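# Got a sequence here, can you build the structure:
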Amino acid sequence: MQNSQRLSKLESVYKSLDLLTRFLNPALPFLNSHNIDFIIKSHWTKFLPQKLQDDLELLPVSVPLLKSHIKDLSLGKWNHANDHKPLIDFEACSLDDIVSQIGQFGLRNMKMSLLLDEIPLLNVKNVEEMIHLNLSEQELKFDPFMSPKKMHEVEIMGNLIYRIAKYENFKPDTYSSLTDNDVGMIERLIDIGSGKGYLSSFLSLLYKFDVYAIDSSAGNTTGSSERAARLQRVWAQLLRRAMERAETGHAVRRGKYWKRRMNKAAQTTTEVGLQNQNLKDDVKLLVMEGRNNEGEGAPLNQEILNHRLRNMTLYVTRNLNLKEFISTQSNGEQSNQKKLSLDFGIIGLHTCGPLGVDSIHLFLQDGAKFLCNVPCCYHHLEEVVFPSTALEVNTPYSRSKEKQRKSNFWDADEKSTITSPTFPLSRHLQAQEFNLGRNARMLSSYSFQRMSHELENSELNKPMIWRLLLQVIIAEKLGHTLLDYHVGKLGNKCSTFQEYVKKALQKLHLDNNIQVSDEEIELIYKRYEPSLEKFYCYFILRTMFGPLIEGCILLDRLAYLLEQEQVEDAYIVELFDPFLSPRCNAIIATKKSRTSQEKPT
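Residues are numbered from 1 along each chain as shown. Have a look, this model is predicted:
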């Protein structure tokens, strides 16, 4: 991508950000409200515009209607009649207006995200011919050795990473920087926040990458190593069955004399089911890698896996020098091998909160050639508290309505000085002094597809209702709710509201301060029961904004990457099925070739 094209794309991202932030800004007090305070702080009248209140109160079946809107949004079938209307302020929106604008401002509808087969670098002319994909490098369908969700994610992301690495090796600077002892392939990957190691072990076993799987939890690191060793013992069988499935549409049992047929297949291609040359080559490869004659599940050479996959415990920050780290880790390991380039790719499957941002900063270091990152847990991000917001927190009568709005939804811990903010990143949103707030970021975990399925046949969530009414009891008995009361998932362990209240007060150490009988608890439930449908409407309406909040965070990261001079291209890709994996969006970025970076601008 030329520099002018990158800047043009950046302008498009800025415009989409402007549309999103203009729509979200007036709605932020509503989005940052807390469910448990719905009754005691009168959220219905305080945060919902009058027109929206009227719409919902006039509709006798408002909850089913909201559920149907979510289903329509998940299918892209909302009422498009309002799509060409100018942006309507949240305070003047009807329910139909909100649904229409939520649909319009989705990443796909703004043309700000791609599907897997639309990724530009995988559609460059002749790239597929240069890559020479063979059978073992295609999207193989393995027998499940993980949960269906994780299998779906690892197979798709693993294949994509392989193809991006192949693409990077055909850039002009790749050839010019190689010597006779170099390998013309990015073979090193840094898996940031590797967790249980599903992706890293898959990449090292199938695609033969050198993977540094880094996680801050020693338990995850140990478990990942043990899991990789178990997977290695059955890998030959899994690979063989996946390749047969790709060739014939199904995998067959080997039968009693499978070893004899295996040996024969390595010498001739006349055996039925082994006529494909690529399959023959992979059979030979398995033998070369130390496969012995001890049986179907015999392990490959353990040293090969140890060399390819390094699980390590390390707390990663944006200040880690990855090139130096790799050089130190690989020192002395390649004495009898071809020299490998120190260039690498940075990957991460569901990197949590700030770690996703740190991965972007690490990508901008020298040596990192590409980034493929699927972020999650946006509520753990640390937002910039801009001076105009922080200075006005304790002067409620002198500040403007906009500053009042900003300071209202900051949590106490967010008002402190943050040394390494992780939102916003882009110069554009920082210039606007835009904030989302933690409760709004919590909503980003909702996807239309998953919500549509979960809400389709569900009624009011009992634990959620019980927690709402517990807050009422605490407020009435203590006269305040100034403390943070966290009861966790206690509601799932209780069969009645009375049982829940007693156990919750005991857990919160309030059982001596608050005395309440079963009869009183029952009366409180009946008194507020008419408000519960309104609460459910309020809850569903808030969750409908979740994909827009995630979109705003992802667009900010995309803009930040495109603002960097050394970045060749960057994009958001809807990588997974959003029903199976709600956090389905990946940030992908590549660097300019060295020759391009050296040209004068």
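
# any idea how far the closest residue in space to residue 485 that isn't next to it in sequence is from residue 593?
Nearest in space to residue 485, with sequence neighbours left out and distances taken as C-beta to C-beta, 6 or more residues apart in numbering, is residue 508 at 5.5 Å. Where C-beta positions appear, they are placed from N, C-alpha and C, glycine not excepted. As defined by C-beta to C-beta, to the nearest Å, residue 508 lies at a distance of 59 Å from residue 593.

# And residue 196, by the same measure?
Separation of residue 196 from residue 593 (C-beta to C-beta) stands at 35 Å.

# Could you do residue 491 as well?
In this structure, residue 491 lies at 56 Å from residue 593, with C-beta to C-beta as the measure.

# Could you do residue 190 as well?
The spacing between residue 190 and residue 593, counted by C-beta to C-beta, is 20 Å.

# Just want to know which of the two has more residues nearby.
Relative neighbour count places residue 190 above the other of residue 190 and residue 593, with 26 against 18, counting by other C-beta atoms under 10 Å.

# check contacts around that one.
211-212, 214, 322, 326, 344-347, 362, 368 (C-beta atoms under 8 Å, 6 or more residues apart in numbering).

# again with residue 461
With contacts defined as C-beta under 8 Å, 6+ apart, residue 461 is in contact with no residue.

# Likewise for the one 5 residues further on?
Applying C-beta under 8 Å, 6+ apart, we find residue 466 in contact with 491, 494, 497, 500-501.

# one more time with 10 Å
Contacts for residue 466 were tallied using C-beta atoms under 10 Å, 6 or more residues apart in numbering; they are 487, 490-491, 494, 496-501, 504, 525.

# In ChimeraX, how would I select the buried members of these?
This is the ChimeraX syntax for the buried subset of the contacts of residue 466, where burial follows 16 or more other C-beta atoms under 10 Å:
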select :487,490,491,494,497,498,499,500,501,504,525
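
# Of the contacts of residue 466, which belong to strands?
Assignment to strands by DSSP state E places none of those there.

# Out of the contacts of residue 466, which sit inside helices?
Judged by DSSP state H, the contacts of residue 466 include 497-501, 504, 525 as members of helices.

# Using TSV, lay out the residues you listed together with pLDDT.
Converted to TSV, the ones in helices among the contacts of residue 466 look like this (pLDDT from 0 to 100):
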residue	pLDDT
497	94
498	94
499	95
500	95
501	94
504	93
525	95
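
# I'd assumed residue 359 was in contact with residue 370.
No - in this structure, residue 370 sits apart from residue 359 without contact. The criterion is C-beta atoms under 10 Å, and the distance is 11.6 Å.

# Overlap of the contact sets of these two?
Each of 346-347 lies in contact with both residue 370 and residue 359 under the rule C-beta under 10 Å, 6+ apart.

# Which other helices and strands does the longest helix along the chain contact?
In the chain, ranked by residue count with DSSP H as the criterion, the top helix is helix 218-248. Helices and strands in packing contact with helix 218-248 are listed as helix 198-206, strand 210-215, helix 258-265, helix 277-288, helix 302-308, strand 309-313; criterion 3 or more C-beta pairs under 10 Å, 6 or more residues apart in numbering; DSSP states H and E.

# ok, 6 Å please
Contact partners of helix 218-248 among helices and strands, from 3 or more C-beta pairs under 6 Å, 6 or more residues apart in numbering; DSSP states H and E: helix 198-206, strand 309-313.

# Next, the angle strand 309-313 makes with that helix.
With axes from the mean of the first three to the mean of the last three C-alpha atoms, to 10 degrees as the criterion, the two stretches helix 218-248 and strand 309-313 enclose an angle of 150 degrees.

# list the buried ones in helix 218-248?
By neighbour count with 16+ other C-beta under 10 Å, helix 218-248 contains the buried residues 220-221, 223-225, 227-228, 231-232, 235-247.

# Having no further points to raise, I will conclude here.
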